[in-house]
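1. Give the three-dimensional model of this entry:
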Amino acid sequence: MNSDLWGLPVVSLVAVYGLRVVGVLLALWASLKASNWLSHKLSRALLQRKFDETLSLFFGNITRWSILTAAVLACLSIFGIETTSFAAIIGAAGLAIGLAFQGTLSNFASGVMLLVFRPFKVGDYVVAGGKEGSVGEIGLFVTLLDTLDNRRICVANTAILGGPIENFSAHPTRRVDIDVKIDRNEDIDASRTALEAAARDVASQDGRRGEVFLKGLGMGYVEWQVRVWTPAQAYWDVWQATVRAVAYQLGRSKISLSMPVMNLSVSGPAQPGWELQQTGTRPAVR
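-> Numbering: from 1, shown residues only. As a prediction, this is how the structure comes out:
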């Protein structure tokens, strides 16, 4: 900054720096508008050319911040501040800021890693960072998820990259698994026949046939699993259709589901006139 200016009257200083301040404010305002406009135009142009949506938004954000940074540096030079002379100060300040904002920088590095390795993209339905939802945007610091009930969740990129990522949209097809517990007194072959009929009732759009798997045995029940393949976007519709088909076929074949059994024991002296018994899940008094 020119030190000779400090000897001028206040009116002269206002005249000199007032115009500069007004010019800087106008320049910053124009830079903000231009950066937002160019960012939107670039992202839109890339999307229109079938470019990846995630990278389109990323390049748009980079363009906006680059323009704003250049505008701030240019405004500093208007006041005679030479940024090159503050290289040592800027370096020390950068180190201090880096230590203070190491969590933020970690989120930035994680965001770059997510954009490079691409475990998911915008529009995928994922479980990441302990949260579940559709990916709305992958930012430099946070990733935005939209839940099924239309809530927006911001998850730090470090939390996402540091844990398991489950992507439900990675493949075009998914498998619906419905567990069914049949009463152990029912005929096993008849149970399989009814469940196979339920699997056939649900149309598969990828050519794979549904199957029935004998999963295991338990206290008073036989556990089956009905497996039906479906396109990923129709998963919940096929889930409901499969449950409905299973309930219909079991009712038609008069096959009972397993009911939970609860054992009760009464300690102490017996009370005259009544006795407690356990039948299935409902206690009877006589």
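
2. Now Asn185: which helix or strand?
-> Counting by DSSP states H and E, there is no helix or strand that carries Asn185.

3. nearest residue to Gly133 other than its sequence neighbours?
-> Leu145 (3.4 Å; C-beta to C-beta, 6 or more residues apart in numbering). All C-beta spots, glycine's among them, are computed from the backbone N, C-alpha and C.

4. Contacts only, for the one you found.
-> Counting by C-beta atoms under 8 Å, 6 or more residues apart in numbering, Leu145 makes contact with Val126, Ala128, Lys131, Glu132, Gly133, Ser134, Val135, Gly136, Arg152, Ile153, Cys154, Val155.

5. Got a quick PyMOL command for the buried subset of those?
-> Those of the contacts of Leu145 that count as buried under 16 or more other C-beta atoms under 10 Å are selected in PyMOL with:
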select buried, resi 126+128+131+133+134+135+136+153+155
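
6. For Ile160, see how far away Val202 is.
-> Look at Val202 and Ile160: by C-beta to C-beta, to the nearest Å, they are 34 Å apart.

7. Comparing these two, which shows the higher neighbour count?
-> Ile160 (26 against 23; other C-beta atoms under 10 Å).

8. Name the helix or strand for that one, please.
-> In the assignment (DSSP H and E), Ile160 maps to helix 157-161.

9. and stretch 128-139, what's its mean pLDDT?
-> What stretch 128-139 shows for mean pLDDT is 91.

10. per-residue pLDDT, Val116?
-> pLDDT recorded at Val116 is 83.

11. nope, Glu196 is what I meant
-> Here, the pLDDT recorded for Glu196 equals 92.

12. quick one: it and Val212 touch, right?
-> Yes - between Glu196 and Val212 there is a contact at 5.1 Å, judged by C-beta atoms under 8 Å.

13. Between those two, point out the one with more neighbours.
-> Per other C-beta under 10 Å, whichever of Glu196 and Val212 has more neighbours is Val212, with 20 against 16.

14. Could you look up the SS state of the residue nearest to the more buried one when sequence neighbours are not counted?
-> Leaving aside its chain neighbours, Val212 sits nearest to Leu195 (4.5 Å; criterion: C-beta to C-beta, 6+ apart). The three-state assignment at Leu195 reads helix, by DSSP: H, G, I helix; E, B strand; the rest coil.

15. gap between Leu195 and Ala241?
-> Distance, Leu195 to Ala241, using C-beta to C-beta: 14 Å.

16. Neighbour count for those two, which is higher?
-> When neighbours are counted by other C-beta under 10 Å, Leu195 and Ala241 differ, and Leu195 comes out ahead with 27 against 18.

17. CA atoms of the helix or strand where Gln240 lies as PDB?
-> Element membership for Gln240 (DSSP H and E) is helix 235-252. The C-alpha trace of helix 235-252 is given here as PDB (Å, rounded to 0.1, in the frame of the first residue of the first chain):
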ATOM      1  CA  TYR A 235     -38.100 -54.000  -5.600                       C
ATOM      2  CA  TRP A 236     -40.800 -52.900  -3.200                       C
ATOM      3  CA  ASP A 237     -43.700 -53.600  -5.600                       C
ATOM      4  CA  VAL A 238     -42.400 -57.100  -6.000                       C
ATOM      5  CA  TRP A 239     -41.800 -57.500  -2.300                       C
ATOM      6  CA  GLN A 240     -45.500 -56.700  -1.600                       C
ATOM      7  CA  ALA A 241     -46.700 -58.900  -4.400                       C
ATOM      8  CA  THR A 242     -44.600 -61.800  -3.100                       C
ATOM      9  CA  VAL A 243     -46.000 -61.500   0.500                       C
ATOM     10  CA  ARG A 244     -49.500 -61.400  -0.900                       C
ATOM     11  CA  ALA A 245     -48.900 -64.500  -3.100                       C
ATOM     12  CA  VAL A 246     -47.500 -66.400  -0.100                       C
ATOM     13  CA  ALA A 247     -50.400 -65.500   2.100                       C
ATOM     14  CA  TYR A 248     -52.900 -66.400  -0.600                       C
ATOM     15  CA  GLN A 249     -51.300 -69.800  -1.400                       C
ATOM     16  CA  LEU A 250     -50.900 -70.800   2.300                       C
ATOM     17  CA  GLY A 251     -54.500 -69.900   3.000                       C
ATOM     18  CA  ARG A 252     -55.700 -71.800  -0.100                       C
END
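
18. Many thanks, I have nothing further to ask.
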